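>>> structure for this input, please:
(2 chains, ligands or ions: 2)
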Amino acid sequence: MKPESKLEKVLSSGHFAVTGELGPPKSADVGTLKHHAEAMRNHVESYNITDNQTAIVRTSSIGVAAALIQMGLEPNVQMTVRDRNRICLQSDLLGAVSFGVRNFLCLQGDHAKFGNEPQSKNVFDLDSMQLLQAVRKLRDEGVFIGGEKLEHPLPRIFIGAVANPFADPFEYRPLRLAKKIAAGAQFIQTQCIFDLERFEKWMEKVRELGLHKKVYILGGVTPIKSIGAARYMQNNVSGMIVPDSLIERLKGAQDKKKEGLNIAVETIQRLKEIEGVAGVHVMAIAWEEVVPEIVERAGLYPRPKVE
Amino acid sequence: MIVGERKPLAEIAEMLEPFRKICVLGCGTCVTVCLSGGEKEAAETAAALSLLRKDVEITTHTLLRQCEYEYIDDYAKNMLECDVILSLACGVGVQTMATRLPEKIILPGLNTKFMGYPLEQGVWTENCLGCGDCVLDLTMGICPVTRCSKSMLNGPCGGSQYGKCEISKDVDCAWHLIYERLLKSGVLDRMEVIQPPKDWSASHHGGPRTIVREDVRLETGK
Ligand code: SF4
Ligand code: SF4
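Residues are numbered from 1 along each chain as shown, chains lettered A, B, ... in the order given. Ligands and ions are numbered 1, 2, ... in the order given. Take a look at the predicted model:
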């Protein structure tokens, strides 16, 4: 089967890929989101649509995916296992495939404690690894988790997962990546990279295990808007590393926003040089308008054309 | 053991509002050990209630276990007149009492919290959810279902940092602990195996679970 996903085509033809990210609104009005999507139309291959990120109720990622497809854009539908059991996850995936979604990103999801419905019941029927494996089996073997067969085979979908080189235990993280690949991951998007040294160490181990040849790794890049934002990520987001040197650098800069962008661009330039990094995933949530500039300045524009 | 915590006095007083003859009934097993519903706590609760209400008669009593008919029957024989029993047992005890003594009003005086153990004096922690299909053999005695905040069977998630869980700097990441224990024992390769989706039907999701053991049943019970 030939790839149907543009992201898969770009990656499989050896190009350095760029993906963007859109956070659905806390309303049913997706006008602004569509505007952001339009603005980076020529700068990214596809768009991650977050799934009630940080456990905050928002328009569903699949709902937003439909809007993007109508615009002729390609969504990467994020699916967390926090809010849906295996019945719902599999059914939602089929529904999304039915109207053209081809990229799925399987992830665990932040605990509901962090969101705006902290009293809700966390589902966690599956974990992210099991979801990945289930999606692969749906596609490759045509079977549901429970063993029943699909009535028709699925088209070729492109299956993604996340990896966090900044989480602990650090020594286990490359092994965890290997496990995700074994479960079915074809592409990986990493947590935001601010500590390049640590990322490089992780990549070293990834290469040692030969994993970069088995999966496309897209490095996560987030432009920092202010010292406050950097400090927040440093202190409040578990599984992130924001080095003090980065905060110092922002402090020393006249124009913090501009410096934030400079850092993002430099990060991408360094990532391009790392063997085994197949692309970047630019997450500029609430600052989407800067994506084109980052992509251009990083030398990734124009984007390759694929058939 | 089953760990409980006494309900706030105001909530108990509100429940007991319509009643005049109250029996505060302690339970002598788990909740005695976890200092929430034993003889001592029954006496304390009764004393506190009598300070709040002058119009009531309060007695106290403690059964060895409120979760077994045998002990309930012994008590029922000598039970003093009362309008209501405030049970300081866990939810199991309260329900067993209510089943065995259908004519009595049994109110819960505790919030039943979890199955766990005392970590240190005055601190209890949960470590088993009774999932019905134990995996402690795979994780060398650290329950991922209970102690991982996301009940992952293939952890740790990306929120694990410095040995702590993403939900709080005060909570150990269960998967970090599992990793370290497996590593130390030379069986880290266990974490390379993809654990399949769990059979939650063995868990608490499908109505009350019942175990029938023919080998120990009495003829009369059949
Ligand atoms: S795996 Fe299940 S039975 Fe075993 S300790 Fe954990 S919750 Fe209890
Ligand atoms: S940080 Fe550890 S304990 Fe907490 S949810 Fe993640 S894997 Fe589970």
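>>> tell me the contacts of the nearest residue to B:L136 once chain neighbours are set aside?
With C-beta to C-beta, 6 or more residues apart in numbering or on different chains as the criterion, B:L136 has its nearest non-adjacent residue at 6.1 Å, and that residue is B:C143. C-betas here are computed from N, CA, C, even on glycine. Taking C-beta atoms under 8 Å, 6 or more residues apart in numbering or on different chains as the contact definition, B:C143 lies against B:127-129, B:135-136, B:174.
>>> tell me the one among those residues nearest to B:A10.
When the contacts of B:C143 are compared for distance to B:A10 (C-beta to C-beta), B:L129 comes out closest, at 30.2 Å.
>>> OK, contacts around the closest one?
Each residue near B:L129 by C-beta under 8 Å, 6+ apart is listed here: B:115, B:143, B:145-146, B:203-204.
>>> can we see that at 7 Å?
B:145-146 (C-beta atoms under 7 Å, 6 or more residues apart in numbering or on different chains).
>>> just the pLDDT at it, thanks.
B:L129 is assigned a pLDDT of 96 by the prediction.
>>> and it, how far from ligand 2?
14 Å (C-beta to the nearest ligand atom, to the nearest Å).
>>> what about the closest residue to ligand 1 within the stretch 101-250 of chain A, how many residues nearby?
For the stretch 101-250 of chain A and ligand 1, the shortest gap (C-beta to the nearest ligand atom) falls at A:F124, measuring 13.0 Å. By the measure other C-beta atoms under 10 Å in any protein chain shown, the count of residues near A:F124 is 26.
>>> which non-adjacent residue is nearest A:F16?
Nearest non-adjacent residue to A:F16, counting by C-beta to C-beta, 6+ apart: A:G279, 5.3 Å away.
>>> swap in A:Q133?
Closest residue to A:Q133 apart from its sequence neighbours, by C-beta to C-beta, 6+ apart: A:A183 at 4.3 Å.
>>> with A:Y301 instead?
Spatially, and ignoring its direct neighbours in sequence, A:Y301 is nearest to A:V295 (5.2 Å; C-beta to C-beta, 6+ apart).
>>> which other helices and strands does the strand or helix carrying that neighbour contact?
Assessed by DSSP states H and E, A:V295 sits inside helix A:291-297. Counting contacts by 3 or more C-beta pairs under 7 Å, 6 or more residues apart in numbering or on different chains; DSSP states H and E, helix A:291-297 is packed against helix A:256-273.
>>> CA atoms of the helix or strand following the helix it packs on as PDB?
Using DSSP H and E, the helix or strand that follows helix A:256-273 in sequence is strand A:277-282. Only the C-alpha atoms of strand A:277-282 are listed here, as PDB (Å, rounded to 0.1, in the frame of the first residue of the first chain):
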ATOM      1  CA  VAL A 277      16.500  13.600  13.400                       C
ATOM      2  CA  ALA A 278      14.000  13.500  10.500                       C
ATOM      3  CA  GLY A 279      12.200  16.700  11.100                       C
ATOM      4  CA  VAL A 280      10.800  19.200  13.600                       C
ATOM      5  CA  HIS A 281       7.500  19.500  15.300                       C
ATOM      6  CA  VAL A 282       6.900  23.200  16.000                       C
END
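>>> quick check: mean pLDDT of strand A:277-282?
Per-residue scores along strand A:277-282 average to 98.
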